[in-house]
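3D model of this:
(one chain, ligands or ions: 2)
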Amino acid sequence: MEIIVKSSDDAVAALCPVAESEGIATVFDRYKAQQPQCGFGSLGLCCRICWKGPCRVDPFGDGPSEGICGANRDTIVARNVARMMAAGAAAHSEHGRHIALAMQRVGKGELPAYQIRDPKKLTAIAERLQIDTKDKSVLQLAHDVATKTLEDYQNQDHHKGCHWISASVPKKRLDRLAKLGVLPHNIDATVAQIMARTHIGCDAEPGNVFLGGIKGALADFNGMSLATELSDAMFGTPAPVVTEANIGVIDRQSVNIAVNGHNPLLSEVICDVSREMNQAAIDAGAPGGINIVGICCTGNEVMMRHGVPLATNYLSQEMAILTGALDAMVVDVQCIMPSLPQIGDCFHTEVITTMADNKMQGARHVDFCEDNATATARKVIQFAIDAYGRRDANKINIPDIKRTAVVGFSAEAVMDALAQVDAVDPLKPLLDHIVTGNIQGIALFAGCNNTQSVQDESYQKIAKTLAANNVLLLATGCGAGAFAKNGLMNQQATELYAGEGLKAVLTAVGEAAGLNGPLPLVLHMGSCVDNSRAITLATALANRLNVDLSDLPLVASAPEAMSEKAVAIASWSVGLGIPTHLGTMPHVTGSQVVTELMTEGTKDLFGGYYLVETDPDLAGEKLVEVIRNKRLGLGI
Ligand code: SF4
Ligand code: MSK
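Ligands and ions are numbered 1, 2, ... in the order given. Okay, here's the model as predicted:
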């Protein structure tokens, strides 16, 4: 078997031969087995919406130009992409609902495993949501915040925008969205509307379908905003912490437990309970005790709040098992490869699902709900300790690859750092540096890994280009993982890659904030749902300048976008007025109408647009150019 490695991560290169020698297929092998991938699907021209289909439209005009029902290429492509936005919105918002329901019960005193760890943030949230905070206990306030948040899943008044988007973006933007009829009033209803209007024989006007999709994407923004903010109140608002990232954080001497997925409700309790069970692991023969490591966005959640090291990001999650020293992988929701249990079977690794609506064939399932959080955490940790006893020492192969990462830059943490420079007006230093050009603009890196690219490579190339051009870099999700693993989320990277202006600012702020050196080159803002943190910062800047988000020198980049959630994120980013780079060719190019709408038409509608560029060098240059033009627009 030829070894296939489409990754720039040295740890992946080191572990793929292990898979080969064990006869295990990894994501890279399965990618190869899928070649050539379906041309109709790649262009968005395959429709499976009804059982008369599937129907395919010939991209070259020789074969059929319509499906059996008469849907043409534009309708088919628009429906497909709108449904992706709906699925992304559903995923993030379900995560958010889970947190909100838990917080409501914390407020009622029903969930002893959880607390409100950041009452200050809770009060700030309540004020943003215009909830009266006077004479309320922390628990009462938590209940009221959660209850008002849940109205965003229930409101039936089309004229009232959801609370969270209304409290999170500038008024100018809200007015623009309302005028276009894309301001969501209810997350669930908006997702349901997309599914309804894209049913066979409904909305067939591609522009109208697409705008329906954008409304769903904005509901996605609403869902992730509330997920981020309520998680901060319950689990703590992230502040800078130094940790390590990449597969070398797995420790031969410890019981290693990877938490993988997105939802912090279980992983937080696992972190708590692991301390209490540490001695049990030592007694079982592991001198290092329990070592929790993170993968994907659950990894980001526990990394930014507790400094838990990050083992890897999406595409290389299988590699953690291939080390032969991972005793359990505990998964919750989203972006978990169904191949994991099969690979776990080749080693001693327990792959444990925990959510009733997210199971996998071949995995052990331990049902989690907030009522039994502590017991569930104890149970999965015990499975890991038991598995440790079944390790085969001959199969252990942990590449000694890890990099320092300084993480945990919530919007509050950024403001706190700036407050060390100007306590009275923390936003001023950032604004001043943008005006003088020391900081040319801000770029948010988000999104996934994708086998269409070389894993993590484009992130690094684009970031280096932008940093050299004095662009301040933020990152979330698996993009953040790419930077952390590959050494771009630390102070040395600032020294190596930042342009002179950017380096001076990062150094001044880092020193003032007590970091004994500059801020890291890329500021870690958290998991996928934490893209909302970047909008919090951008909204503060826009409100201060009395401009809209689309006027700011602000860009987003998703070099390896893959999931439906990433499609939703990129789409609300466009809807909020941000030029948004996609390094993956979106499945829409079978329709010129939809492609032009996404890359050009959205400029007039929203000010934001999709900038598709698969070449990372060109993408970096184009993003710098976009920022230059935005600055000209502001007269700076
Ligand atoms: Fe074919 Fe129309 Fe059915 Fe789609 S909805 S599968 S195009 S008949
Ligand atoms: S996990 S959505 S692969 S970023 Fe948030 Fe990573 Fe993309 Fe999943």
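
any weak-confidence spans in this protein?
For the chain, the stretches flagged by pLDDT under 70 are 1-2.

what residues does it have near ligand 2?
With Cβ under 6 Å from any ligand atom as the criterion, the chain meets ligand 2 at residues 262, 296-297, 314, 334-335, 447-448, 477-478, 527-528, 562-563, 565-566. For the C-beta atoms, the positions are set from N, CA and C on the backbone; glycine is no exception.

just these now: which is nearest Gln420?
Closest approach to Gln420 among the residues of the chain next to ligand 2 (Cβ to Cβ): Ser527, at 26.2 Å.

filter the residues of the chain next to ligand 2 to the buried ones?
Buried members of these, counted by 16 or more other Cβ atoms under 10 Å: 262, 296-297, 314, 334-335, 447-448, 477-478, 527-528, 562-563, 565-566.

picking up where we left off before, can you pick out the most distant pair from the residues of the chain next to ligand 2?
So, the residues of the chain next to ligand 2 by Cβ to Cβ: farthest apart are Ser527 and Met562, at 15.5 Å.

any idea which helix or strand comes after the lengthiest helix in the chain?
As assigned by DSSP state H, the longest helix anywhere in the chain is helix 73-107. Downstream of helix 73-107, the first helix or strand assigned by DSSP states H and E is helix 119-128.

contacts for that next one, please.
Residues outside helix 119-128 that contact it (Cβ atoms under 8 Å, 6 or more residues apart in numbering): 116, 133, 138, 141-142, 144-145, 167-168, 229-230, 232-233, 237, 412.

now the buried members of the residues you listed.
Buried members of the contacts of helix 119-128, scored by 16+ other Cβ under 10 Å, are 116, 138, 141-142, 144-145, 167-168, 229-230, 232-233, 237, 412.

does Phe220 count as helix, strand or coil?
One thing to correct before we go on: residue 220 is Asp, not Phe. When classified by DSSP: H, G, I helix; E, B strand; the rest coil, Asp220 comes out as helix.

tell me which stretches of the stretch 301-450 of the chain form helices.
Secondary structure of the stretch 301-450 of the chain (DSSP state H, counting those that start in this stretch): helices at 317-322, 340-346, 373-388, 411-419, 427-436.

buried residues of the third one, list them for me.
Which is helix 373-388. So, applying 16+ other Cβ under 10 Å, buried residues of helix 373-388: 373-374, 376-381, 383-385, 387-388.

ok, how many other residues are close to the closest residue to Ala619 other than its chain neighbours?
Distance criterion Cβ to Cβ, 6 or more residues apart in numbering; nearest residue to Ala619, sequence neighbours excluded, is Glu613 at 4.1 Å. For Glu613, the count of nearby residues is 20 (other Cβ atoms under 10 Å).

outside of the helix or strand containing Met525 itself, list whatever touches it.
According to DSSP H and E, Met525 maps onto strand 522-526. If you take Cβ under 8 Å, 6+ apart as the criterion, strand 522-526 is touched by 228, 238, 300-301, 303-304, 405-411, 414, 444-445, 463, 472-476, 480, 483-484, 488-489, 493, 531, 533-534.

residue contacts, the residue nearest the centre of the chain?
The centroid of the chain falls nearest to Cys528 when counting by Cα atoms, centre = their mean (1.6 Å). The contact partners of Cys528, taken as Cβ under 8 Å, 6+ apart, are His92, Met224, His262, Cys297, Ala446, Thr476, Gly477, Lys565, Ala566, Ile569.

what of Lys136?
Asp144.

what separates Leu174 from ligand 1, distance-wise?
Taking Cβ to the nearest ligand atom, to the nearest Å as the measure, Leu174 falls 35 Å from ligand 1.

and Ser231, by the same measure?
39 Å.

got the contact list for that residue?
Residues in contact with Ser231 (Cβ under 8 Å, 6+ apart) are Ile99, Pro264, Glu301, Val529.

surely the last one meets Gly96?
Spelled out, that is Val529. Yes. Using Cβ atoms under 8 Å, Val529 makes contact with Gly96 at a distance of 7.2 Å.

more crowded one of those two?
Higher neighbour count among Val529 and Gly96: Val529, with 33 against 29, using other Cβ under 10 Å.

Ala570 - how many residues pack around it?
Ala570: 28 neighbours (other Cβ under 10 Å).

ok, now which ones touch it?
With contact set as Cβ under 8 Å, 6+ apart, Ala570 has these partners: Ala446, Gly447, Ala556, Ala558, Ala561, Thr580, Leu582, Tyr610.

just the element for it, please.
Following DSSP H and E, one finds Ala570 within helix 564-575.

and that helix with helix 73-107, angle?
Going by axes from the mean of the first three to the mean of the last three Cα atoms, to 10 degrees, helix 564-575 is angled at 100 degrees with respect to helix 73-107.

now, the contacts of helix 119-128 that are in helices?
Val138, Leu141, Ala142, Asp144, Val145, Glu229, Leu230, Asp232, Ala233, Glu412.

farthest-separated two in those residues?
The distance between the two most remote of the ones in helices among the contacts of helix 119-128 (Cβ to Cβ) is 21.3 Å, for Asp144 and Glu412.

do you know how far Leu473 is from ligand 1?
Distance of Leu473 to ligand 1, computed by Cβ to the nearest ligand atom: 42 Å.

tell me how the protein divides into domains.
10-56, 73-235, 247-390, 405-634 (the TED database).

verify the stated contact: Val269 with Pro112.
No. Using Cβ under 8 Å, Val269 makes no contact with Pro112, being 10.8 Å away.
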